[in-house]
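**Q** Predicted structure and sequence below. I'll ask about it afterward.
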Amino acid sequence: MNKKFDITGLGYTAVDYLGFIPHIPGENTKLEMKGMKIQGGGPAATAAVTAGRLGLSASFIGKTGDDAFGKKMREELENEKIDISGMVVEKGKGSQFAFIMVDEKTAARTVIWTRGSLSPMAPGEIDLSIIASSRGLLIDSLEPAAALHAAKYARGKGIPVLIDAGTLREGIREILPFCDHIIGSEYFSDQISGGKGPSEALRKISSFGPVSSVVTAGEKGCIALVDGEIVEIKGFDVKAVDTTGAGDVFHGAYLFAVLQGWDTVRCCIFSNAAAAMKCRALGGRSAIPDLGELLSFIRGSRAEYDFSL
């Protein structure tokens with residue numbers, strides 16, 4: 001591997017079918033959908049796209065089938081200038097996809113998804129030379145065996161590891177000690193704290209020894225543990241259209257910020273802004289900003305923040 005990357009994302013990718021609906025439907029009902037969009041999605045894949053939009057060189061390691069869905073995923077990543085040389089294409093298998101209903105009044109989304117017929121990504125399918133050529137590794141929790149192998153390898157190479165901890169799935173606790181930045185969703189927070197709230201969740205997360213412990217909180221922003229204290233970092237106001245992928249964008253922006261050498265609070269402010277901007281359009285990737293747009297948005301929203309690079 002002669003290429004060098006700023007970040008590598010490893011984990012899940014999918015094709016998303018998205019559309020606006022007036023409300024979540026009940027049983028045996030019909031609703032007209034508006035504004036349908038078909039685009040690539042998935043936590044680690046969209047985080048890699050975010051890093052690329054912000055100006056970093058990025059690669060993605062994941063798995064698809066050899067069907068039309070798999071082809072679309074790979075083509076979209078390539079169109080975003082994401083290196084996909086480490087992706088695995090499993091012959092004769094159906095790829096991942098999702099149906100996403102977006103409430104046109106609240107921008108909240110309901111996701112129905114499938115892994116298709118793919119086998120789980122095995123540790124031996126990872127091209128470790130790609131990770132070794134990267135400055136940072138971002139993993140999600142949907143390929144736990146592969147993520148554990150990659151995180152251990154990156155830790156051994158001194159490469160910072162960020163985990164998108166969306167759900168406390170089986171095997172995730174074994175991965176967390178090898179992660180430098182653990183960012184949990186509100187759902188993960190409830191799971192790991194036993195419903196005791198984000199403060200207790202952050203204490204639990206910090207026990208695994210990361211550099212930063214963060215819980216995202218949607219439009220409210222995020223909560224972090226900084227020097228032993230719980231700090232709330234408020235979100236940014238936008239006219240939200242669709243929240244799909246907001247967390248994925250937060251993670252990609254956070255790893256960008258980590259590679260700038262910023263402290264936890266600064267990383268959170270930057271990532272909150274990126275996630276908010278994503279919510280301006282339907283789809284997880286449609287409104288991801290470039291770096292200039294994001295910095296301008298932060299300055300225009302919060303004059304007290306100096307985000308000169």
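**A** That came in fine, so what should we check first?
**Q** now the helices: where do they sit in the stretch 1-150 of the chain?
**A** Counting by DSSP state H, counting those that start in this stretch, one finds helices in the stretch 1-150 of the chain at the ranges 43-53, 68-79, 128-132, 144-157.
**Q** Could you look over these and pick the most buried one?
**A** By mean neighbour count, with neighbours taken as mean count of other Cβ atoms under 10 Å, helix 43-53 ranks first of the helices of the stretch 1-150 of the chain at a mean of 30. C-beta coordinates here come from the backbone N, C-alpha and C atoms, glycine included.
**Q** What mean pLDDT does it get?
**A** Average pLDDT, helix 43-53: 98.
**Q** Centroid-nearest residue for this structure?
**A** Nearest residue to the geometric centre of the chain (Cα atoms, centre = their mean): Asp248, 2.4 Å.
**Q** need the strands for the chain, in chain order.
**A** Residue ranges of the strands in the chain, as given by DSSP state E, are 5-11, 14-21, 34-41, 58-65, 88-90, 97-103, 109-114, 134-140, 161-165, 181-184, 212-216, 221-226, 229-234.
**Q** With mean neighbour count and distance to Leu77 as added columns, please give these in a markdown table.
**A** Formatted as a markdown table, the strands of the chain follow (neighbours: other Cβ atoms under 10 Å; distance: least, Cβ to Cβ, whole Å):
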| stretch | mean neighbour count | distance to Leu77 |
| --- | --- | --- |
| strand 5-11 | 28 | 10 |
| strand 14-21 | 22 | 12 |
| strand 34-41 | 18 | 7 |
| strand 58-65 | 27 | 6 |
| strand 88-90 | 17 | 13 |
| strand 97-103 | 19 | 15 |
| strand 109-114 | 14 | 18 |
| strand 134-140 | 27 | 14 |
| strand 161-165 | 29 | 17 |
| strand 181-184 | 28 | 22 |
| strand 212-216 | 26 | 24 |
| strand 221-226 | 22 | 27 |
| strand 229-234 | 14 | 30 |
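**Q** Export those strands to a markdown table and append columns for distance to Gln191.
**A** Below are the strands of the chain laid out as a markdown table (distance: least, Cβ to Cβ, whole Å):
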| stretch | distance to Gln191 |
| --- | --- |
| strand 5-11 | 19 |
| strand 14-21 | 22 |
| strand 34-41 | 23 |
| strand 58-65 | 24 |
| strand 88-90 | 29 |
| strand 97-103 | 21 |
| strand 109-114 | 18 |
| strand 134-140 | 16 |
| strand 161-165 | 9 |
| strand 181-184 | 9 |
| strand 212-216 | 11 |
| strand 221-226 | 16 |
| strand 229-234 | 19 |
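**Q** Minimum distance to Gly261: which of these has it?
**A** strand 134-140 (11.5 Å; Cβ to Cβ).
**Q** how close does Ile172 sit to Val88?
**A** Counting by Cβ to Cβ, to the nearest Å, the gap between Ile172 and Val88 amounts to 22 Å.
**Q** Apologies, that question was intended for Val238.
**A** 37 Å.
**Q** List the contacts of Val241.
**A** Taking Cβ atoms under 8 Å, 6 or more residues apart in numbering, we find Val241 in contact with Val102, Ala107, Cys279, Arg280, Ala281, Leu282.
**Q** give me phi/psi at it?
**A** phi -110, psi -40 (degrees, to the nearest 10).
**Q** ok, now how distant is the nearest residue to Val111 once chain neighbours are set aside from Ile130?
**A** Sequence neighbours aside, Ile100 is the residue nearest to Val111 in space, at 5.1 Å (criterion: Cβ to Cβ, 6 or more residues apart in numbering). Shown here: Ile100 relative to Ile130, a distance of 29 Å by Cβ to Cβ.
**Q** Check Ile24 too.
**A** For Ile24, the distance to Ile130 - Cβ to Cβ - is 40 Å.
**Q** now Leu118
**A** 20 Å.
**Q** what is the mean pLDDT for stretch 217-234?
**A** Averaged over stretch 217-234, pLDDT sits at 96.
**Q** Restricting to C-alpha, output it in CSV.
**A** Provided in CSV are the C-alpha atoms of stretch 217-234 (Å, rounded to 0.1, in the frame of the first residue of the first chain):
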residue,chain,number,x,y,z
ALA,A,217,-28.2,14.3,22.1
GLY,A,218,-29.8,15.3,18.8
GLU,A,219,-30.8,18.9,18.4
LYS,A,220,-29.6,19.6,22.0
GLY,A,221,-26.0,19.0,20.9
CYS,A,222,-23.9,16.6,23.0
ILE,A,223,-22.6,15.9,26.5
ALA,A,224,-18.9,15.2,27.2
LEU,A,225,-16.8,14.2,30.2
VAL,A,226,-14.0,16.8,30.4
ASP,A,227,-11.4,16.6,33.2
GLY,A,228,-13.8,14.6,35.3
GLU,A,229,-16.7,17.1,34.8
ILE,A,230,-19.9,16.7,32.8
VAL,A,231,-20.0,19.4,30.1
GLU,A,232,-23.0,20.1,27.9
ILE,A,233,-22.2,21.5,24.5
LYS,A,234,-25.3,23.0,22.9
